[in-house]
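1. here is a sequence with its predicted model. Questions after.
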Amino acid sequence: MGEIKRVICDCGFKKQRLYTWFGFHSDSENPKAVVVCRDCWKVGTSGYLKSAPTCAHCGSTNVDLAALPPGPERDEVLKRGSDRLVDYRGYLTCPRCKKRTLEVLHTGDWD
Ligand SMILES: [Zn+2]
Ligand SMILES: [Zn+2]
């Protein structure tokens, strides 16, 4: 099942409705995570297991990724099929204030 996230920052920046993980018609082997592009500073989502995370707006791979690094913790999350309990504070640079203070919050599910 997919998860809808939003991101917020202390500076007031926010973005709603980011569709992560996967739905019925997308690739369950390549879940999507929230990315912030460090070239065009757009916030979006990208797969990250099969290929390098990429900005959907400009194609850059110079992105911050809100996904767990490889290891037992990530395997556990993939098995569960959800990362809604993971705190990604510190993973993403805010497009407005350029600090690593962007927070990823779970707002709902999609399929
Ligand atoms: Zn970009
Ligand atoms: Zn900010």
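-> Cool, got the structure. Ligands and ions are numbered 1, 2, ... in the order given.
2. enumerate the residues of the chain near ligand 2.
-> Neighbours of ligand 2 within the chain, by C-beta under 5 Å from the ion: 9, 11, 13, 94, 96-97. (Each C-beta comes from the backbone N, C-alpha and C, glycine too.)
3. now those in JSON lines, with distance to residue 32 and neighbour count?
-> Output for the residues of the chain next to ligand 2, formatted as JSON lines (distance: C-beta to C-beta, whole Å; neighbours: other C-beta atoms under 10 Å):
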{"residue": "9", "distance to residue 32": "21", "neighbour count": "19"}
{"residue": "11", "distance to residue 32": "25", "neighbour count": "14"}
{"residue": "13", "distance to residue 32": "21", "neighbour count": "15"}
{"residue": "94", "distance to residue 32": "20", "neighbour count": "23"}
{"residue": "96", "distance to residue 32": "23", "neighbour count": "13"}
{"residue": "97", "distance to residue 32": "25", "neighbour count": "14"}
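4. TSV for the residues you listed, including distance to residue 106 and pLDDT?
-> TSV is the format used below for the residues of the chain next to ligand 2 (distance: C-beta to C-beta, whole Å; pLDDT from 0 to 100):
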residue	distance to residue 106	pLDDT
9	17	98
11	21	98
13	18	98
94	19	98
96	22	98
97	23	98
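5. spell out which residues of the protein are next to ligand 1.
-> Remark: the part of the chain in contact with ligand 1 comprises 37, 39-40, 55, 57-58, 60, using C-beta under 5 Å from the ion.
6. now the residue most central in space within the chain, what's its secondary structure?
-> Geometric centre of the chain, nearest residue: residue 34, 1.6 Å, by C-alpha atoms, centre = their mean. Secondary structure state of residue 34, per DSSP: H, G, I helix; E, B strand; the rest coil, is strand.
7. what's the closest non-adjacent residue to it?
-> residue 66 (4.3 Å; C-beta to C-beta, 6 or more residues apart in numbering).
8. just give the number of residues close to that neighbour.
-> 25 (other C-beta atoms under 10 Å).
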